[in-house]
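Engineer: Would you be able to build a 3D model of this:
(2 chains)
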2 protein chains.
Amino acid sequence: MKTRRSDRLVDMTRYLLEHPRTLVSLTKFANLYESAKSSISEDLAILKRTFAERGVGLLETIPGAAGGAKFTPYMTQENAAEFVATLVNEINDETRVLPGGYVYLSDLLGQPWVLQKVGRLIATQYLKEPIDAVMTAATKGVPVAQAVAESLNVPFVIVRNDTKVTEGPTMSVNYVTGQSKRLEKLELSRRSLPMGSRVLIVDDFMKAGGTIRGMASLVKEFEGEVVGVAVVVAGEVAHRVIDKYTSLVHVNTDKEGGLIDVQSGNYATEIFAPGNFTTQVNVTD
Amino acid sequence: MKTRRSDRLVDMTRYLLEHPRTLVSLTKFANLYESAKSSISEDLAILKRTFAERGVGLLETIPGAAGGAKFTPYMTQENAAEFVATLVNEINDETRVLPGGYVYLSDLLGQPWVLQKVGRLIATQYLKEPIDAVMTAATKGVPVAQAVAESLNVPFVIVRNDTKVTEGPTMSVNYVTGQSKRLEKLELSRRSLPMGSRVLIVDDFMKAGGTIRGMASLVKEFEGEVVGVAVVVAGEVAHRVIDKYTSLVHVNTDKEGGLIDVQSGNYATEIFAPGNFTTQVNVTD
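Structural biologist: Numbering: from 1, shown residues only, chains lettered A, B, ... in the order given. Predicted coordinates for the structure are as follows:
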């Protein structure tokens, strides 16, 4: 049954939101809705305009019979600023400070709406960059990795320092923790990451960055490439063992565990730097 | 600026998909799109019809000036059967069998599209049932919990048996594992679950169910109620220590670790039982 335009607009929106960063052919839509490709092209023009106006994402359309559409979700700098301000406000609570300078984040990172925005914001930095997988360390990084992977539409892999028998054969690296200089081990199941993958490393919280450096060397063991590093919260430290990362929030805790200062991380300059998001959004099809 | 119907349809679809199980007032939409409530009501009728025809979810509309709309995503039995068949087919691979009768699932449960469908399918059982939180055990249950929580639009909490200092004050229970009868401990951060919550327990893999029974007693410590238990894969065991659960896939491994049989779990009778989904979808507004 040939569908009405209004029905197509609703269902195409749903379809594209559920299949981000995937090229969907005009033929696929034409068959799905038993409609002419010319009608589908007109529908896509409406979606593209609305997504842009509402700051939802980039819809790239390739015209012609062999054409299609690719939806890449992003977050605008304005929406990002509002969201990060909410995060800063929530985290700026001295009861969150735990011994050792850690900050309790599990309630925030257990909320689907927070994770959805975290994922979309971190993915915005890699709007046009191919990524094969998102990597994180168990356990608290997992929700962040899953959220980012969802926006990028790629798999995520979980690195562990207590590999259970249930993971099968693993590859492992030893690494030195950033602050306390302990020797630790990180393991990843062999079959969870193809060799040579382009990997985005994410985590919930970073202090000196030792675990992230460990993950980076694990990526190397898998003959892959680290495309970037992103964390929700970076803690203030005297010396960071990694040099390039994106943080949404920056926290300064004192040695007795009091919270000194909570503010935006470096996301504005990293994610919205000229040449990243802004340029890319203007350079559409 | 007053928006066109086509633009409203696209953006309302996006908005409702991103805010499942939430009552959105007509006033909110009318303001957002600077349109009359009567126009918004007509838009919602189109969305409702399309969502139903495409098996995407239930859009309940409350008419009148004080009315609104609530979108509850579900999966149809037909789509569920197709998805579970895909899972069975993927899991039916003897290289997945690990020592101890465990099955390697991390690659599948690291794919956003698989998790999205797992979440939607498990949430379908609780279409009209209020749930406050989803609970799981670290680490491999986390992606499942997050996916289900996303469909239900509620927070998820992660129970650990190796609580780190970074969780703050915890509540804990001891429990006996289902098969090996070891004494273990499960802990949950005090501030991550409000007392008296209605909790859905989920996990990636269940054998005898000892960990799940442990989580259930933890829910009791928080003076809450277990609304249900759902797992992606249930392994065949001689004796299960919990009596009611929903599984998508059932796996029978032999003692030497060979895979004997992989088939659909009990989801069809649990999720699509008369009185659950079917009745509820027919009893719309």
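
Engineer: near chain B, which residues of the stretch 151-285 of chain A?
Structural biologist: Within the stretch 151-285 of chain A, the residues that sit near chain B (C-beta under 8 Å from any C-beta of the partner chain) are A:153-158, A:160, A:162, A:165-168, A:189, A:191-192, A:205. No exception for glycine: its C-beta is placed from N, CA and C like everyone else's.

Engineer: Among those, which one has the most neighbours?
Structural biologist: Counting neighbours by other C-beta atoms under 10 Å in any protein chain shown, A:F156 comes out on top of those with 30 neighbours.

Engineer: Was I right to think that residue contacts A:A147?
Structural biologist: No: taking contacts as C-beta atoms under 8 Å, A:F156 lies outside contact range of A:A147: 9.2 Å.

Engineer: quick one on the thing from earlier: show me which pair in the residues of the stretch 151-285 of chain A next to chain B is furthest apart.
Structural biologist: Using C-beta to C-beta, these span at most 31.3 Å, a distance reached by A:N153 and A:V165.

Engineer: Tell me the pLDDT of A:D162.
Structural biologist: The score at A:D162 is 73. That number is its pLDDT.

Engineer: Now do the strands in the stretch 151-285 of chain A.
Structural biologist: A:156-159, A:170-176, A:183-189, A:198-206, A:225-235, A:246-253, A:259-264 (DSSP state E, counting those that start in this stretch).

Engineer: what would those look like in CSV with distance to B:I40 and mean pLDDT?
Structural biologist: Listed next are those as CSV, based on distance: least, C-beta to C-beta, whole Å; pLDDT from 0 to 100:
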stretch, distance to B:I40, mean pLDDT
strand A:156-159, 38, 96
strand A:170-176, 54, 90
strand A:183-189, 49, 91
strand A:198-206, 38, 97
strand A:225-235, 36, 97
strand A:246-253, 34, 95
strand A:259-264, 36, 90
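
Engineer: would TSV of those with distance to B:G258 be doable?
Structural biologist: Converted to TSV, the strands of the stretch 151-285 of chain A look like this (distance: least, C-beta to C-beta, whole Å):
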stretch	distance to B:G258
strand A:156-159	27
strand A:170-176	22
strand A:183-189	20
strand A:198-206	34
strand A:225-235	38
strand A:246-253	46
strand A:259-264	54
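
Engineer: Out of those strands, flag the one nearest B:D43.
Structural biologist: Of the strands of the stretch 151-285 of chain A, nearest to B:D43 by C-beta to C-beta is strand A:246-253, at 34.5 Å.

Engineer: what comes up buried for the closest one?
Structural biologist: By neighbour count with 16 or more other C-beta atoms under 10 Å in any protein chain shown, strand A:246-253 contains the buried residues A:246-251, A:253.

Engineer: other SSEs contacting it?
Structural biologist: helix A:77-91, helix A:112-124, strand A:225-235, strand A:259-264, helix A:267-271 (3 or more C-beta pairs under 8 Å, 6 or more residues apart in numbering or on different chains; DSSP states H and E).

Engineer: rerun that using 7 Å as the cut-off
Structural biologist: Under the contact definition 3 or more C-beta pairs under 7 Å, 6 or more residues apart in numbering or on different chains; DSSP states H and E, strand A:246-253 sits against helix A:77-91, strand A:225-235, strand A:259-264, helix A:267-271.

Engineer: Could you identify which of those is most buried?
Structural biologist: Most buried of these by mean neighbour count (mean count of other C-beta atoms under 10 Å in any protein chain shown) is strand A:225-235; its value is a mean of 22.

Engineer: Each with direction, which strands does that strand pair with?
Structural biologist: Using DSSP bridges, the strands paired with strand A:225-235 are strand A:198-206 (parallel), strand A:246-253 (parallel).

Engineer: I'd like those written out as CSV, with distance to A:A65 added.
Structural biologist: Rendered in CSV, the data for the strands paired with strand A:225-235 read as follows (distance: least, C-beta to C-beta, whole Å):
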stretch, distance to A:A65
strand A:198-206, 32
strand A:246-253, 41
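
Engineer: how near is A:T177 to chain B?
Structural biologist: 13 Å (C-beta to the nearest C-beta, to the nearest Å).

Engineer: circling back: which stretch among the strands of the stretch 151-285 of chain A comes nearest B:Q77?
Structural biologist: B:Q77 lies closest to strand A:156-159 among these, at 29.5 Å (C-beta to C-beta).

Engineer: start to end distance for stretch A:52-64?
Structural biologist: 22 Å (C-alpha to C-alpha, to the nearest Å).

Engineer: so does it get close to chain B?
Structural biologist: Yes: using C-beta under 7 Å from any C-beta of the partner chain, stretch A:52-64 reaches chain B at A:54, A:56.

Engineer: Need the contact partners of that stretch.
Structural biologist: Residues from elsewhere that reach stretch A:52-64 (C-beta atoms under 7 Å, 6 or more residues apart in numbering or on different chains): A:41, A:44, A:47-48, A:51, A:67-74, A:76, A:79, A:127, A:281, A:284-285, B:11, B:14.

Engineer: residue ranges with poor pLDDT in chain A?
Structural biologist: A:1-2, A:163-166, A:255-257, A:277-285 (pLDDT under 70).

Engineer: Kindly state the domain boundaries assigned to it.
Structural biologist: Per automatic domain parsing, the domain ranges recorded for chain A read A:5-73, A:77-272.

Engineer: Mind putting the ones you listed into TSV with distance to B:W113?
Structural biologist: Converted to TSV, these look like this (distance: least, C-beta to C-beta, whole Å):
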stretch	distance to B:W113
domain A:5-73	8
domain A:77-272	8
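
Engineer: so which of these comes closest to B:R4?
Structural biologist: So among those, domain A:5-73 is nearest, using C-beta to C-beta, at 8.4 Å.

Engineer: give me the number of residues near A:R182?
Structural biologist: A:R182 has 10 neighbours, counted by other C-beta under 10 Å.

Engineer: ok, and the closest non-adjacent residue to it?
Structural biologist: Counting by C-beta to C-beta, 6 or more residues apart in numbering or on different chains, A:V176 is the residue found nearest to A:R182 once chain neighbours are left out, at 7.2 Å.

Engineer: pretty sure that neighbour contacts A:A208?
Structural biologist: No: using C-beta atoms under 7 Å, A:V176 is not in contact with A:A208, being 10.0 Å away.

Engineer: For A:G235, give me its contacts.
Structural biologist: Counted by C-beta under 7 Å, 6+ apart, A:G235 has contacts A:101, A:205-207, A:251, A:253.

Engineer: Quick check: the residue lying closest to A:G57 once chain neighbours are set aside vs B:P194, distance?
Structural biologist: Spatial nearest neighbour of A:G57, excluding adjacent residues (C-beta to C-beta, 6+ apart): A:P73 at 4.0 Å. Computed as C-beta to C-beta, to the nearest Å, the A:P73 to B:P194 distance reads 32 Å.

Engineer: next one: A:D261
Structural biologist: 29 Å.

Engineer: do the same with A:V103
Structural biologist: From A:V103 to B:P194 the distance is 21 Å (C-beta to C-beta).

Engineer: Compare those two (neighbour count), which wins?
Structural biologist: Using other C-beta under 10 Å, the more surrounded residue of A:V103 and B:P194 is A:V103, with 23 against 12.

Engineer: I am assuming the more buried one contacts A:V251, so please confirm or correct that.
Structural biologist: Yes: the pair A:V103 / A:V251 is scored as a contact, 5.7 Å apart, by C-beta under 7 Å.

Engineer: Off-centre distance for stretch A:241-253?
Structural biologist: From the chain centre to the centre of stretch A:241-253 is a distance of 16 Å (C-alpha atoms, centre = their mean, to the nearest Å).

Engineer: what does it contact?
Structural biologist: With C-beta under 7 Å, 6+ apart as the criterion, stretch A:241-253 contacts A:84, A:87-88, A:91, A:97, A:101, A:103, A:121, A:125, A:178, A:206, A:208-210, A:212-213, A:228-236, A:259-267, A:270-271.
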